[in-house]
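Visitor: take this sequence and fold it.
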Amino acid sequence: MKAARWHGVKDIRVEDVDKPEPGPGEVRLKVAWTGICGSDLHEYLAGPIFIPVAENHPLSHDKAPVTMGHEYCGTVTGLGAGVQDLALGDRVAIEPIFACGTCPACRDGKYNLCDKLGFVGLSGGHGGFAAFSVVPARMVHKIPDSLSLEQGALIEPSAVALHAVRLSNIKAGDTAAVFGAGPIGLLVVEALRVAGAGQIHVVEPSEVRRKKALELGASSALDPTECDVVSTIRAATGGVHVAFEVTGVPQVLSQCIDSTRYDGQTMIVSIWEKEASFQPNTVVLKERELKGSIAYRNVYPAVMELMTQGYFSADKLVTKRIDIDDIVAEGFETLVADKSQVKILVKAPD
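Guide: Okay, here's the model as predicted:
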């Protein structure tokens, strides 16, 4: 079968690999759609970040080259021994977290903070940029009949956004800023609407993405190349209660902090390719808070319920659909060059 595999920086190849078979406790699915994530793009441009190269990952037992793709869904076509509550033909979304289950974080139920954290499609395993995938049954979530399979491919990134907002200090009626209106930033805007944010100010240089942010419910969408965004946000709000950093651009971190009020919070959602600096006094003298958010935990059912209510809509967020043979030129390279793109979905090969 065809699969898109990471071999190195700017070296993703569509290759023929063996079709995986499910072992005990595992499920095989015919992949339908897989989204290209910002984390995938980081690996393409500057990896390895999550991808194991020198040694096998302790949970996937794989190292590069790995089949990529972790935002995916499909239809169950095989069940390993002992799998219950699933049937052939079930439409499912994958929660692609590798967690050990025994470290302190896992024992506390916070499996996304596992000491050995990994992701199918990044840390090894049978990722979604392929015709078929095999995963442990615990990673599988049935998709409600009312949701399309395209919508199923957005469950994973929507979970990232909803988890970040749930972790934050935001309360109904509070003000928020979102720096970066890529896919996750736009999904954060929607999650903030769910949480009842009173004002949502978005900072984004792409005009297309700014328009999309307004369409999704942002109060304002500011171009950082045309105005002092911190002053503008503070003039409108007196400083927001929570700012979300969703760019991974080093100089933006200090802008996020400066946009918050006294005792405000900055949520760092991005995965970073390099260090970012800020003046600690800007945090200390106003008793501000910095908090990180990684992936998600125990949130897929809530995401799917919100999707049935119209949130996190694929119709509004998917800007391009491509075949796997075109994944580099029409997927990764397009995302590098064309910042008007939001979410690109890759159709699985037959």
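Visitor: how many neighbouring residues does the closest residue to residue 15 other than its chain neighbours have?
Guide: Leaving out its chain neighbours, the residue that sits closest to residue 15 by CB to CB, 6 or more residues apart in numbering is residue 5, at 5.5 Å. From N, CA and C alone the C-beta is placed, and that goes for glycine too. Using other CB atoms under 10 Å, the number of residues around residue 5 comes to 18.
Visitor: ranges for the helices of the stretch 151-300 of the chain?
Guide: Using DSSP state H, counting those that start in this stretch, the helices found in the stretch 151-300 of the chain span residues 155-167, 183-195, 207-215, 229-237, 250-259, 281-284, 300-308.
Visitor: mind checking the ones you listed for the one nearest to residue 335?
Guide: Among those, the nearest to residue 335 by CB to CB is helix 183-195 (9.8 Å).
Visitor: show me what that closest one is in contact with.
Guide: When contacts are defined by CB atoms under 8 Å, 6 or more residues apart in numbering, helix 183-195 is touched by residues 35, 37-38, 154, 157-158, 160-162, 164-166, 170-172, 176, 178-179, 181, 200, 202, 204, 209, 212-213, 216-218, 244, 246-247, 269, 306, 311-312, 317, 342-343.
Visitor: neighbours of the closest residue to residue 224 other than its chain neighbours, how many?
Guide: Among residues not flanking residue 224 along the chain, residue 203 sits closest, at 5.4 Å (CB to CB, 6+ apart). Residues lying near residue 203 (other CB under 10 Å) number 29.
Visitor: correct me, but residue 203 touches residue 209?
Guide: No. Between residue 203 and residue 209 there is no contact under CB atoms under 8 Å: 10.4 Å.
Visitor: contacts only, for the closest residue to residue 151 other than its chain neighbours.
Guide: Counting by CB to CB, 6+ apart, residue 314 is the residue found nearest to residue 151 once chain neighbours are left out, at 4.7 Å. If you count contacts by CB under 8 Å, 6+ apart, residue 314 has them with 148, 150-151, 153-154, 343.
Visitor: against residue 135, how distant is residue 314?
Guide: Residue 314 sits 22 Å away from residue 135, going by CB to CB, to the nearest Å.
Visitor: how about residue 266?
Guide: Distance of residue 266 to residue 135, given as CB to CB: 34 Å.
Visitor: what's the average pLDDT for stretch 35-54?
Guide: Averaged across stretch 35-54, the pLDDT comes to 95.
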